[in-house]
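**Student:** Only the shape, not the letters, is given here:
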C-alpha cells in the first residue's frame, strides 16, 4: 500500500477506537469485580487460547507464510467494537462483552509485538525474517488504540449527550472506512485474490468457528450462564480485523500479511449473522418457557 493508504488506514482505526471510547465508562472496567470468573475465562480465551489455536490452524492447514503470519496477527487482535454489537444483537451479556473488549484492547498493546515477532520468526525463511521493535510497536499501538479510547471516554464523561449522539455516526463511518480499506487491498491484490481466498478462506473460517466453540464450551465448563457463555464465545471468535490489517500494513508495511485479516473481515459477518440468529432463537425460547 502507498503512504496515503497507510495514513487512511491508521486514521480509520483511530476513528473506530474513538467510537469505542464514546461507548465506554469507568464502570466497564470495574465489572471485573462483578464478573471475576467470567472476565478471567474470557481473557484466557482471548489472550492465550486464541493465539494457540491460530498457530495450530496455520500449521495444520500448511498455508503460505504470508497467510500464516496474517492468521497469527489476527489471533493477536481479539475483540473490537464489532464483537460488542454482535453480542448485543445475539442477546448475550453485552456488559461482559464490553468489559472483555476494554481489557483485551489494553493488554494486547503488550502482547501483539511478541506474538507477531514469534510468527515472523517461525513462518518466514531466515533470510526474510523481519522483526518489530517491541518498544516502538507498543508506542505506536498505544497511539492508535489507547489514546482515542481515552479521548472518547473523556468526551463521554464530560459531554455525555454529545457522545451518545456521535456514537452511531462514528460507528457507521468506521464501518464504511473499513469496507473501503478491504476493497482497496482486494483491488491491489486482484490478480491473486482467487488463490488467497482458496488458501485463507478455510483457515480464517476455521479460526473464527473453532474459537467461538472453544469460548462457549470453556465458559460452560466453568458453570457460567448461557448469556455470559454467548458473549465469551463471540469475544473469542470475533477478532479486530481493522487492527490486524493496521498491524500488517502500518507497522509491518506488507499488504500480503493483511490478506487473511481482510478475508476474515468479510467472513465474520456471515458467522456473526448465524450467531445472532442462534442467540435470538435460544433466548426467545427461554422466554416462552
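**Tutor:** Ah, there it is. What you see is a predicted model; the values in this text were computed from it and never measured.
**Student:** For residue 98, see how far away residue 122 is.
**Tutor:** 34 Å (CB to CB, to the nearest Å). The C-beta positions use only the backbone N, C-alpha and C, and glycine is treated the same way.
**Student:** Between those two, which is the more surrounded one?
**Tutor:** residue 98 (26 against 15; other CB atoms under 10 Å).
**Student:** how close does residue 147 get to residue 18?
**Tutor:** With CB to CB as the criterion, residue 147 and residue 18 are 9 Å apart.
**Student:** what about the two, which has more around it?
**Tutor:** residue 18 (20 against 14).
**Student:** now the stretch 51-200 of the chain, which segments are flagged as low pLDDT?
**Tutor:** 126-132, 167, 171, 174-175, 177-179, 181-182, 184-186, 188-190, 192-193 (pLDDT under 70).
**Student:** go with 80
**Tutor:** Along the stretch 51-200 of the chain, segments meeting pLDDT under 80 span 79-82, 84-85, 88, 125-137, 140-146, 160, 163-199.
**Student:** could you pull out the strands for it?
**Tutor:** Here the stretch 51-200 of the chain has no strands by DSSP state E, counting those that start in this stretch.
**Student:** nearest residue to residue 72 other than its sequence neighbours?
**Tutor:** Closest residue in space to residue 72, ignoring its immediate chain neighbours: residue 119 at 3.5 Å, by CB to CB, 6 or more residues apart in numbering.
**Student:** neighbours of that neighbour, just the number please.
**Tutor:** 24.
**Student:** Now do the contacts for it.
**Tutor:** Neighbouring residues of residue 119 by CB atoms under 8 Å, 6 or more residues apart in numbering: 55, 58, 68, 69, 72, 73.
**Student:** Nearest to residue 23 among those?
**Tutor:** In terms of CB to CB, no member of the contacts of residue 119 lies closer to residue 23 than residue 73, at 25.0 Å.
**Student:** Now for that closest one: which residues touch it?
**Tutor:** Residue 73 neighbours (CB under 8 Å, 6+ apart): 115, 116, 119, 244, 247, 248, 257, 260, 261.
**Student:** Repeat that for residue 42.
**Tutor:** Contacts of residue 42 (CB under 8 Å, 6+ apart): 96, 100, 215, 219, 231, 232, 235, 236.
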